[in-house]
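K.L.:
turn this into a model:
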Amino acid sequence: MSLNGAGRPNSKRATWVAYYRLTRKHNFPTGLDVVFWPCTWGLIMSAYALRLSPRSLAIQLAAYFVGATLRHSAACIWNDMCDIEIDRKVASLGGAAILLAAHFIACLVILSYAGDAAFKWGLFCLCFLDPLYPLMKRWTDWPQLWLGFAMTWGLPVSWVSNFGEMNWYIVPVLLGGGVCWTIHYDTIYACQDRRDDIKAGVRSTAVLFGDWTRLILACFSACFVICLALAGGINHQGPLFFITVAGTAFHLAWQLIVVDLDDSSDCHRIFKVSSVSCWRSEPES
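P.N.:
Predicted coordinates for the structure are as follows:
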């Protein structure tokens, strides 16, 4: 981005481009997809249990897609603001806070249509899980664990939006699986910067796991697959669901076999295809 002597964009166009890039929408759908997929688990599995019409499900999926897009952008803006001492480009964007507030308000508006119970579940994530995540890499070696709850929280929200109440048998199992999946893909993502993070004192599971990363991620991936199968059994899903779960298992295994955890570009490549694992686990409605 071209800057003038005062450190500000030298044109209105450059300013708008900078704002746009701050929201990460130019990377669509990377990042957004892993926020959206857990929402679809709750929507599709609850629709299957309630026998909702395809039209009703399609409308809900579209609404959650918009909400996930806004939430992902808000989280990216907030993350950059928290990392201002590392990423100085945020300091040149005086409107970052206004942009964040606009996205947050839009998220609340969309969430308000999900019902009172779902609104409360969603508000917990927007006001607690999401804001604290950027700080976790300073406080703990397990920021990916916290991120797992944040990224998968669309699942309980979407489930409650259909049922009006929580299912304490299915949703916690799927939530746990989503957390394991997040640790899988975000640890691979974090391996891109592992050497720099060690020097900078940034904490992550990629740094924590070290040479054991591949083996430990295999365990988390197995837990993800087991949780999917268990939740499907509790929800009385049909054979197609379990076929897709098997596809998920093979895809996760392929990722761990082929990824070069010491090659930043390869880690990024595998991260970008990680959402395919989640797509393969989509149940029939």
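K.L.:
can you map out the strands along the stretch 51-200 of the chain?
P.N.:
Here the stretch 51-200 of the chain has no strands by DSSP state E, counting those that start in this stretch.
K.L.:
low pLDDT regions in it?
P.N.:
84-94 (pLDDT under 70).
K.L.:
can you give me the helices in it?
P.N.:
Under the criterion DSSP state H, counting those that start in this stretch, the stretch 51-200 of the chain carries helices at the ranges 54-82, 96-111, 116-124, 130-139, 143-152, 154-163, 171-190, 194-200.
K.L.:
do you know which of those helices lies nearest residue 275?
P.N.:
Nearest to residue 275, of all those, is helix 171-190, at 8.0 Å by Cβ to Cβ. Yep, even glycine has a C-beta here, placed from its N, CA and C like the rest.
K.L.:
check which helices and strands that closest one sits against.
P.N.:
Applying 3 or more Cβ pairs under 8 Å, 6 or more residues apart in numbering; DSSP states H and E, we find helix 171-190 packed against helix 32-50, helix 143-152, helix 154-163, helix 205-209, helix 213-234, helix 239-258, helix 264-273, helix 275-280.
K.L.:
could you dump the helices of the stretch 51-200 of the chain into a markdown table with distance to residue 222 and mean neighbour count added?
P.N.:
Shown next, in a markdown table, are those (distance: least, Cβ to Cβ, whole Å; neighbours: other Cβ atoms under 10 Å):
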| stretch | distance to residue 222 | mean neighbour count |
| --- | --- | --- |
| helix 54-82 | 27 | 19 |
| helix 96-111 | 34 | 17 |
| helix 116-124 | 28 | 17 |
| helix 130-139 | 25 | 17 |
| helix 143-152 | 16 | 23 |
| helix 154-163 | 20 | 24 |
| helix 171-190 | 8 | 24 |
| helix 194-200 | 23 | 13 |
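K.L.:
ok, which of the ones you listed comes nearest residue 249?
P.N.:
Per Cβ to Cβ, nearest to residue 249 of the helices of the stretch 51-200 of the chain: helix 171-190, 11.8 Å.
K.L.:
just the CA trace of that closest one, in PDB.
P.N.:
What follows is helix 171-190, C-alpha atoms only, in PDB (Å, rounded to 0.1, in the frame of the first residue of the first chain):
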ATOM      1  CA  VAL A 171     -24.200 -30.600  20.400                       C
ATOM      2  CA  PRO A 172     -21.400 -31.000  23.000                       C
ATOM      3  CA  VAL A 173     -20.100 -34.100  21.100                       C
ATOM      4  CA  LEU A 174     -20.000 -32.100  17.800                       C
ATOM      5  CA  LEU A 175     -18.600 -29.100  19.600                       C
ATOM      6  CA  GLY A 176     -15.700 -31.200  20.900                       C
ATOM      7  CA  GLY A 177     -15.200 -32.600  17.500                       C
ATOM      8  CA  GLY A 178     -15.100 -29.100  16.000                       C
ATOM      9  CA  VAL A 179     -12.500 -28.000  18.600                       C
ATOM     10  CA  CYS A 180     -10.300 -31.000  17.600                       C
ATOM     11  CA  TRP A 181     -10.700 -30.200  13.900                       C
ATOM     12  CA  THR A 182      -9.700 -26.600  14.600                       C
ATOM     13  CA  ILE A 183      -6.600 -27.600  16.400                       C
ATOM     14  CA  HIS A 184      -5.800 -29.800  13.400                       C
ATOM     15  CA  TYR A 185      -6.000 -27.200  10.700                       C
ATOM     16  CA  ASP A 186      -4.900 -24.100  12.700                       C
ATOM     17  CA  THR A 187      -1.800 -25.900  14.000                       C
ATOM     18  CA  ILE A 188      -0.800 -26.700  10.400                       C
ATOM     19  CA  TYR A 189      -1.500 -23.000   9.600                       C
ATOM     20  CA  ALA A 190       0.700 -21.900  12.500                       C
END
